[in-house]
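**Student:** missing the sequence, but the structure's below:
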């Protein structure tokens, strides 16, 4: 007897056997029991989720001579005929290879004839989105008013390609991806009946790689059985699939976090020499950093991570040593590398460059890399690893200010090369009426920036307000948005805002960024200065001046 693939051997025979789609199978069973069968159904969902299997079970159930609560008996003449393909009343059509108008016209001519043995004539059209526009038009009239003895079941993985006129004439059922636990439980049943030994760790690896597809999981299991025969280990499965295990992912991540570029490159060499797939590895490493991010932002990561408790504990420990900014930077770089590696003739180079960018953020000029470097610097400052000193040269101390004119006075050195700490020049201070006009038109300024191809700058300006501060236009940020303030304060951004205001108002204006606490401190300082001036005046004039605190 010829060998039969597992996904065919263990294809569901009743609705109860369909895994992870109870919301669909229960509805279909109720329709059969209460004789409320529609004339057309559309089964949508990703590959291997049970669309075609459910369609075949439904075709037997509605024609079964000994129906058991909506499930086919699979023992009567009708059921056996449909199972072995001898019953001509159930027709399965592959639309990928039969997608022409003539193929659909044949169906349209055949539906006029009554079924030979069964109660219903059923047409199962798989991958229906592959039909041509002409074929869809030919199918439309038949779907609209089919004979009472005809039922259409359309199956597709790309429902968005189905015309709306077809969708509106079908009962639509969306098949969900099968959960890892459901896949593992089904695999346990199969290996127990086939007397195969695989531990839970190995089964979960198969379930994770199958990505919610039961058929993919069974195909992988079939391949692993051929490799390891009766006893299969986690390492056997990883070797068969060409993927790396969790131990390797934790080791290379530790090397990345310690910025040991040489060690990271050694890991890549080992990866290549072991014959692992580079693209799959990038995907696995990206998922690993995503799991680290979940451990940092979710209080109970067990609720969102489909992993063993031991693996989650390891992730928690490793996540302590890495900032959220670093994780986001890693995910962005790896995602770009994954997209490029798929089409590269040498994906190893793509991976190595990506890992070097992660280990040395100075090589990366992206916003995420900058955020990572700033977060690392803040951490060092908090931990006392960096000491900030301010040195004043001896020449500057003895510099005679009285002998220096305004033209020869040296300009202050900015703290950051590309960040504007806008020094307000007295000659360019606006009066209040001009600033009030610009403040009133600020929403128009922001909208113009949005339309000028500056989405990042616009995003930083969404949640701010403006007011007059010492004769300049002050952009006020919330205290929690210091990073936004720093990004807007970049020289090119300030100049762009000032140019935009000039174009809209015709008035040149200086712009400066502040945090709310900075404005509050300035106001308090002003009050303190005024109070000191009043006290000085009182001392000079004596009792003539009386100060009242209201």
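**Tutor:** Nice, thanks for sending it over. Computed from a predicted model, the values in this text were never measured in an experiment.
**Student:** Residue 473 pairs with what?
**Tutor:** residue 468, residue 511 (DSSP bridges).
**Student:** Was I right to think it contacts residue 466?
**Tutor:** Yes - the pair residue 473 / residue 466 is scored as a contact, 5.8 Å apart, by CB atoms under 8 Å. No exception for glycine: its C-beta is placed from N, CA and C like everyone else's.
**Student:** Helix, strand, or coil at the spatially most central residue of the chain?
**Tutor:** Nearest to the mean C-alpha position of the chain, by CA atoms, centre = their mean, lies residue 290 at 9.5 Å. Secondary structure assignment for residue 290 (DSSP: H, G, I helix; E, B strand; the rest coil): helix.
**Student:** tally of neighbours for the residue nearest to it when sequence neighbours are not counted?
**Tutor:** Among residues not flanking residue 290 along the chain, residue 331 sits closest, at 6.4 Å (CB to CB, 6 or more residues apart in numbering). Counted with other CB atoms under 10 Å, residues neighbouring residue 331 total 20.
**Student:** need the strands for the stretch 51-200 of the chain, in chain order.
**Tutor:** Here the stretch 51-200 of the chain has its strands, by DSSP state E, counting those that start in this stretch, at 90-94, 121-126, 150-156, 171-174, 197-198.
**Student:** now the chain
**Tutor:** 40-44, 90-94, 121-126, 150-156, 171-174, 197-198, 231-232, 465-469, 472-477, 511-515 (DSSP state E).
**Student:** and those, which one is worst for confidence?
**Tutor:** Of all the strands of the chain, the minimum mean pLDDT falls on strand 231-232 (a mean of 82).
**Student:** Kindly check the end-to-end length of stretch 316-323 for me.
**Tutor:** One end of stretch 316-323 to the other measures 12 Å (CA to CA, to the nearest Å).
**Student:** same question for it, mean pLDDT?
**Tutor:** Mean predicted lDDT for stretch 316-323 stands at 87.
**Student:** For it, list every residue counted as buried.
**Tutor:** Using 16 or more other CB atoms under 10 Å as the test for burial, stretch 316-323 gives 318-319, 322-323.
**Student:** Dump the residues you listed to JSON lines, plus distance to residue 352.
**Tutor:** Shown next, in JSON lines, are these (distance: CB to CB, whole Å):
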{"residue": "318", "distance to residue 352": "22"}
{"residue": "319", "distance to residue 352": "25"}
{"residue": "322", "distance to residue 352": "21"}
{"residue": "323", "distance to residue 352": "24"}
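**Student:** Nearest to residue 55 among the residues you listed?
**Tutor:** residue 319 (44.8 Å; CB to CB).
**Student:** what's the distance between that closest one and residue 291?
**Tutor:** 8 Å (CB to CB, to the nearest Å).
**Student:** again with residue 274
**Tutor:** Where residue 291 is concerned, residue 274 sits at a distance of 23 Å (CB to CB).
**Student:** Could you do residue 210 as well?
**Tutor:** Residue 210 is 18 Å from residue 291, by CB to CB.
**Student:** same check, this time on residue 278
**Tutor:** According to CB to CB, residue 278 and residue 291 sit 20 Å apart.
**Student:** who's more crowded, residue 274 and residue 291?
**Tutor:** residue 291 (22 against 12).
**Student:** pretty sure that one contacts residue 304?
**Tutor:** No - judged on CB under 8 Å, residue 291 makes no contact with residue 304 at a distance of 9.1 Å.
**Student:** Looking at the strands of the stretch 51-200 of the chain, which is nearest to residue 111?
**Tutor:** Using CB to CB, the nearest of the strands of the stretch 51-200 of the chain to residue 111 is strand 150-156, at 4.7 Å.
**Student:** which parts of the closest one are buried?
**Tutor:** Buried-residue list, strand 150-156, by 16+ other CB under 10 Å: 150-156.
**Student:** Pairing partners for it, with directions?
**Tutor:** Applying DSSP bridges to the sheet, strand 150-156 is found paired with strand 40-44 (parallel), strand 121-126 (parallel).
**Student:** returning to that earlier point: is the residue nearest to residue 290 in contact with residue 291, as I believe?
**Tutor:** No - with contact defined as CB under 8 Å, residue 331 does not reach residue 291; the gap is 10.7 Å.
**Student:** Provide the contact partners of stretch 257-274 at residue level.
**Tutor:** 244, 248, 251-252, 255-256, 278, 281, 318, 321-322, 326, 348, 351-352, 355-356, 359-360 (CB atoms under 8 Å, 6 or more residues apart in numbering).
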